[in-house]
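Asker: Predicted model follows, preceded by the sequence.
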Amino acid sequence: MTEPTKPNDEEMLRQLEEELKKLKVSDLLVQTLYTLSSLGYRKLSDDDRELDEARLAIEALRALLPVLEGAVPDELLRDFKQVTSNLQLAYADAAK
């Protein structure tokens, strides 16, 4: 029985380049918004409360949303705007 061979560095680089060709900047930004919103909420939790980090997540969301206008469906933008508003309200509550 032969062991499967590991891809060499050139093969790995070629595979990475192929994946990068498929990736859209808008997809990466949407994923970033998901990550920022999740992290922002996490930083507002009682267990991990870090208000400066939560505020930074909110500001990043607010900065990135206009960049995506016209690049993603309007419904997705609307949902992220609502998430941002909810996060801002949760921040205000946590900052009391």
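Answerer: Thanks, I have it. Quick caveat: nothing in here was measured; it's all calculated off a predicted structure.

Asker: Every contact and neighbour count from this point should use C-alpha atoms.
Answerer: OK.

Asker: Run through the protein and note the low-pLDDT ranges.
Answerer: 1-5 (pLDDT under 70).

Asker: secondary structure element for Gln82?
Answerer: Element membership for Gln82, per DSSP states H and E: helix 74-95.

Asker: And for that helix, what's in contact with it?
Answerer: 33, 37, 40-41, 44, 51, 54-55, 58, 61-62, 65, 68-69 (C-alpha atoms under 8 Å, 6 or more residues apart in numbering).

Asker: Any chance of a markdown table for these, columns secondary structure?
Answerer: Converted to a markdown table, those look like this (DSSP: H, G, I helix; E, B strand; the rest coil):
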| residue | secondary structure |
| --- | --- |
| Leu33 | helix |
| Ser37 | helix |
| Gly40 | helix |
| Tyr41 | helix |
| Leu44 | helix |
| Leu51 | helix |
| Ala54 | helix |
| Arg55 | helix |
| Ile58 | helix |
| Leu61 | helix |
| Arg62 | helix |
| Leu65 | helix |
| Leu68 | helix |
| Glu69 | coil |
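
Asker: Of those - the most surrounded one?
Answerer: Gly40 (27 neighbours; other C-alpha atoms under 10 Å).
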